[in-house]
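Asks: Could you look at this predicted model? Sequence included:
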Amino acid sequence: MIDKALHDRVAEGGMMNQITDPSVAGVQKTRRPRVMPDVLRALARDIFAGRYPGGSLLPRENDLGDEYGVSRTVIREALKVLAAKGLVSSRPRIGTTVCDPDNWNIIDPQVLEWHAPHLLDDRLFDAILETRRAIEPLVAELAASRATLQEIADLELAWQGMADAANDVERFSRSDIAFHQILYAASHNPVFRQIGGLIDAALKFVLETTATTSNDQRSEAIKAHRAMVEALRMRDAAAARQAASDILDLAARDLAAAKSINADKAG
């Protein structure tokens, strides 16, 4: 029997809490719990947008505090987090320098959350797809032999969320992400599970970028994901690998279409 709690989480987006933008929580910005997330996001997005390019010095902590309306202590703690993500580097008597983009921990879920989707480089989307092509077929093959009955039921529930989404693109994307979370977990490989968590964060942005796909294209995706569910149900590793390849081919097509649309808009 399908776990109703999982159904509620998929339907309400609860499975995406770890990569959901906290700005939708409806909490007033002046309340203390929001101070650090707001400042982190603002600083990071200013860096991503090129306001503070790689190699440049950030303003002094006091000046940043005045600009963002917070104390120097909050700025200092925010800079520590950004340094841990590879965005900045602090040195005594020199100050805080913005790191070269090649050193940014761009696949970190929080870093991806800070990005505005339109600021993500096409090369990152391509790299995410390449990573999925290298990993996901093997993940699916392992899941075909290792998934528990509950995991297969959960996977089917996520698929059902995609099938029932109709024109609700947000629900479709949420269910699609949940599907991949369950699939990676069903491989019962702790390394793949952790990599899957990072890919899921990136996948959220890819799906938002490809949200313009037509109903026919979403129907094809639903069919391919259904094939994955059936492959796991039948314990057919070869069919699971093929289903993963088919899903990735559709993802590549949708990504190419989205990039073309964005290029036309930019032109």
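Replies: Perfect, I can see it now. Numbering: from 1, shown residues only.
Asks: Distance of I106 relative to L203?
Replies: Spatial separation of I106 from L203 under the definition C-beta to C-beta, to the nearest Å is 14 Å. Quick note: C-beta positions are derived from backbone N, CA and C, even for glycine.
Asks: cool, and D38?
Replies: For D38, the distance to L203 under the criterion C-beta to C-beta works out to 25 Å.
Asks: mind listing what the residue lying closest to S187 once chain neighbours are set aside touches?
Replies: Nearest in space to S187, with sequence neighbours left out and distances taken as C-beta to C-beta, 6 or more residues apart in numbering, is L142 at 4.1 Å. The contact partners of L142, by C-beta atoms under 8 Å, 6 or more residues apart in numbering, come to 187-189, 192.
Asks: If we use 10 Å, what do you get?
Replies: When the contact criterion is C-beta atoms under 10 Å, 6 or more residues apart in numbering, the partners of L142 are 183-184, 186-189, 192, 237, 240-241.
Asks: quick one: the helices in the chain?
Replies: For the chain, the helices defined by DSSP state H occupy 4-12, 32-48, 61-68, 72-84, 109-114, 122-146, 149-163, 169-186, 190-209, 215-233, 237-266.
Asks: Out of those, which one sits most buried?
Replies: When neighbours are counted by mean count of other C-beta atoms under 10 Å, the highest per-stretch mean among the helices of the chain falls to helix 169-186, a mean of 23.
Asks: what about that helix, average pLDDT?
Replies: This predicted structure assigns helix 169-186 an average pLDDT of 91.
Asks: again with stretch 112-124
Replies: In this model, stretch 112-124 has a mean pLDDT of 70.
Asks: First-to-last residue distance for that stretch?
Replies: From the first residue to the last, stretch 112-124 extends over 11 Å; the measure is C-alpha to C-alpha, to the nearest Å.
Asks: Give the residue spans of the stretch 151-267 of the chain that score low on pLDDT.
Replies: Low-confidence segments of the stretch 151-267 of the chain (pLDDT under 70): 201-202, 205-214, 261-267.
Asks: what about V98, distance to R146?
Replies: Spatial separation of V98 from R146 under the definition C-beta to C-beta is 44 Å.
Asks: do the same with I199
Replies: Plainly put, I199 is 19 Å away from R146 if you go by C-beta to C-beta.
Asks: Could you do R171 as well?
Replies: With distances defined as C-beta to C-beta, the gap from R171 to R146 amounts to 29 Å.
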